[in-house]
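> pasting the sequence and the predicted model now:
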Amino acid sequence: MSVLARIRIELILFARQKDTVVFSFLLPIVMLILFATVFHDRVQDGHGGSVPYPQYFLPGILAAGIGLVSFQTLAVGIAVERHDGTLKRLAATPLPPASYFLGKCVLVLVTAAAQVAVLLTVAALAFRVPLPAQADAWLTFAWVFTIGTTAGALLGVAYAGLPRSAASAGVVVAGPVLLLQFVSGVYFDFPDLPRWLQTVAAVFPLKWIAQGMRSVFLPGSFAAAEPSGSWQHGAAAVVLGVWALVGLALCLRTFRWTPPDGRSVSP
Amino acid sequence: MAVPPGPGRDSRAMAIIDVCGLTKRYGARVAVAALDLRVEAGEVLALLGPNGAGKTTTLEILEGLRPAGSGSVRVLGVDPWRAGRRHRERVGVVLQEPLGQGELTVREMLQATAACYPSPWPVDALLDAVGLTGHCGRRVKTLSGGQRRRLDVALGVLGRPALLFLDEPTTGLDPEARRALWQLVRTLSDEGTTILLTTHYLDEAEQLADRVGVLIAGRLAELDTPAGLRARGGGAATVTWTEAGRSCSTITATPARTVTELAARLGEVPDLAVTRRSLEDVYLQLVGEQA
C-alpha cells in the first residue's frame, strides 16, 4: 500500500520539520493572536455598522493560512525534494506518481483543516468572534476553502519548478507570497487599497479567498464597502476554478522528478 | 575492439543490459560518446574511470532517470526512460548523491520504500545484512556518512531486484564497512542478481567484478576481465632488484625466465621481488595514454 505509506511519511516529515510547522502552520495563528491583542478599534462598514477588529481580521488570516499551507508548503517542500535528490530516488522506485501526489494532497488537506479549526477556535473562544449560524454561510466557507486549497496546492506543485536550488526555495516562494498577502487584503483593509492595486490583486487567487471568507464572517452590510459593492461569489468561484485548472495544466506539462539536465546536484 | 565473452554469452539469452551507440551531450559537452555495452544475466560489471568520464551519466540513463541522447538502450528488454512500474520493481538503484529526508528514522524510510515493492526483503533481515540493526530508530540525519551509505544500499536492494545499479557504493566507507558491503554484493551476485557498479577503487573492481570497463572522456577505452586487463601493457609481472647499487625494474610476461637470467648473472639477486602487475598500474597507464 504505497499510498498509505506515502501519506504517513508526508505527515511525519511535516510534523518534524520545525521550520515548515512554524512558518506555514503556526504563523497565521500567532498573527491572529498578535493582531487581535494589539488592535482594539472597531472597523466601520461605512453605513453606521461596525465589527470588532478580531472579527474583521479573521477572514484575511484564514485566507493567508490557506495560501501558506497549500501553496507555500508544497512549493518549498517539492523544490527541496527535487534538489536534494529525494524525487530522483522516488523516480527510481516503482512508487506510482499518483501515490506521491495523493500523499501531498492529504498533507495539505489535513494541515489546512487543522489550521482552520485552530483559527476558528481561538477567534471564537479567546476573542469572542461570532461564528455564522446559517448553513449557507458554512456552505460558502466550504467551497471557498476547498477550491482555494486545491488551487493553492496545484499552483504550489507547479511553482516548485522555479527555485534553482534547495537553498533558494524558501526565499523564491515566501517573497511573492508575502507581497500577495499585502495586496490581497490580509493585513490591510482591501477597500482602502489604491484602485490599481486592487486590480492587480484581483488577478491572483488569494484576494478571492479573502473576499469569500469576508462574506462568511462579516455582516452583509460590509458587502457595500467592497470595490464592486457585492461579495461576487460567482466571480470568486470562476477565478479560483480557473487558477486550479491553470495549476493542473502547469503541473502536467512541467513537472519533473529531477532538475533539468546540466543543473543536477551531481556532476 | 574485441568484446570478450561474458558469462552466458553463448546461451543466446537476452542481455540484461544492451547499449548500442549511446551518445549523450550536455550543451556542447559530450558526456558519453558512442558507447556499446552488453551485460549478461548474473554478471557483475564494474565501470572505472576518472571524474567526469561519464560513469554517472551512463548509469542514470540505464536507470531511466535521464533520457538517452542518441543510440539504443535496452534494460531488461525495454527502454528504461519509458519503462513503467513493473520494470522499476525489478531494478534497484543506489545513487551517488547523499540521502535527503533526514528527519525520517532508518526504519521509517525502509518501510515506506518496502511498501512500493511486491515482495521486498523483510526490513529486519535487511537491517541485519547491512549492519544497521542497532540504528533502526535513529533519524537519518544523525547517521555517519558510512551508515547513510549502508542505508542507501539497503534501500537499493530492498525490492529484491534482478538488476542492481551501484554508483560508487563504497565511497566514504571505512575498510571494515567496505568489506561488509563487498560481502553483501557477493551474496546478491551468488543469488543471481546482475550488478553494474561504478567505482574509483581498483581493488574493489578486482574483488567484485567479472568484467571491468574503463570509461575515459565518455568512451569505453577497455572492457575485459580483471585478469585480462591486468595482462595488458606488455607484461604480466614487474621484477625489481638491485644491481651495482642501483634499483632496477622490468615489466615482463615471463618473470621466471627473467629471474633465472638474473640469478645466472648475479648469483643471489639483491632485493629481488616479483610483483603481479596490478590493475591500478594498467588503469593509470590507460588513463595516461588517453589524456
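Everything's here; your move.
> and the strands in chain A?
Taking DSSP state E as the criterion, chain A carries its strands at A:42-44, A:50-52.
> give the pairing partners of the first one; include direction for each.
For strand A:42-44, the paired strands and their directions (DSSP bridges) read strand A:50-52 (antiparallel).
> contacting residues around the partner strand?
Strand A:50-52 has contacts (C-beta atoms under 8 Å, 6 or more residues apart in numbering or on different chains) with A:40, A:42-45, A:127-129, A:218-219, A:222. All C-beta spots, glycine's among them, are computed from the backbone N, C-alpha and C.
> swap in stretch B:70-85?
A:94, A:96, B:14-23, B:34-35, B:61-64, B:66-68, B:87, B:90-91, B:162-163.
> of the contacts of strand A:50-52, buried ones?
A:43, A:45, A:127, A:129, A:218, A:222 (16 or more other C-beta atoms under 10 Å in any protein chain shown).
> for the residue lying closest to A:Pro28 once chain neighbours are set aside, give me the pLDDT.
For A:Pro28, ignoring the flanking residues on the chain, the nearest one in space by C-beta to C-beta, 6 or more residues apart in numbering or on different chains is A:Gly65 at 3.7 Å. pLDDT recorded at A:Gly65 is 95.
> pretty sure B:Val282 contacts B:Ala227?
No. Counting by C-beta atoms under 8 Å, B:Ala227 is not a contact partner of B:Val282; they are 10.8 Å apart.
> look at B:Thr240 and give its secondary structure.
What DSSP: H, G, I helix; E, B strand; the rest coil gives for B:Thr240 is strand.
> dig out what it forms beta bridges with.
In this entry, B:Thr240 is beta-bridged to B:Ser249, B:Ala273, by DSSP bridges.
> tally up the residues packed near it, please.
14 (other C-beta atoms under 10 Å in any protein chain shown).
> re earlier: ok, the residue nearest to A:Pro28 - contacts?
Contacts of A:Gly65 (C-beta under 8 Å, 6+ apart): A:28-29, A:112, A:115-116, A:119.
> so who does the residue nearest the centre of chain A touch?
Nearest to the centroid of the C-alpha atoms of chain A, with distances taken as C-alpha atoms, centre = their mean, sits A:Gly67, at 1.3 Å. For A:Gly67, the contact set (C-beta under 8 Å, 6+ apart) comprises A:148, A:152, A:177, A:180-181, A:205-206, A:209.
> what about it, distance to A:Thr111?
12 Å (C-beta to C-beta, to the nearest Å).
> could you do A:Gly85 as well?
25 Å.
> so for residue 168, what's the pLDDT?
Just going to use chain A. Taking A:Ser168 on its own, its pLDDT is 90.
> actually, chain B is the one I wanted.
B:Glu168 is given a pLDDT of 92.
> equivalent analysis for A:Phe190, please.
84.
> kindly report the same for B:Arg230.
Reading off the model, B:Arg230 has pLDDT 77.
> thinking it is in contact with B:Arg277, fair?
Yes. Look at B:Arg230 against B:Arg277 with C-beta under 8 Å: they come within range, at 5.7 Å.
> now do the shared contacts for those two.
What both B:Arg230 and B:Arg277 touch, as defined by C-beta under 8 Å, 6+ apart, is the set B:Ala236.
> what about stretch B:41-53, start to end distance?
26 Å (C-alpha to C-alpha, to the nearest Å).
> give me the buried positions along that stretch.
For stretch B:41-53, by 16+ other C-beta under 10 Å, it's B:41-49, B:53.
> these in strands, which ones?
Using DSSP E, these in strands are B:44-48.
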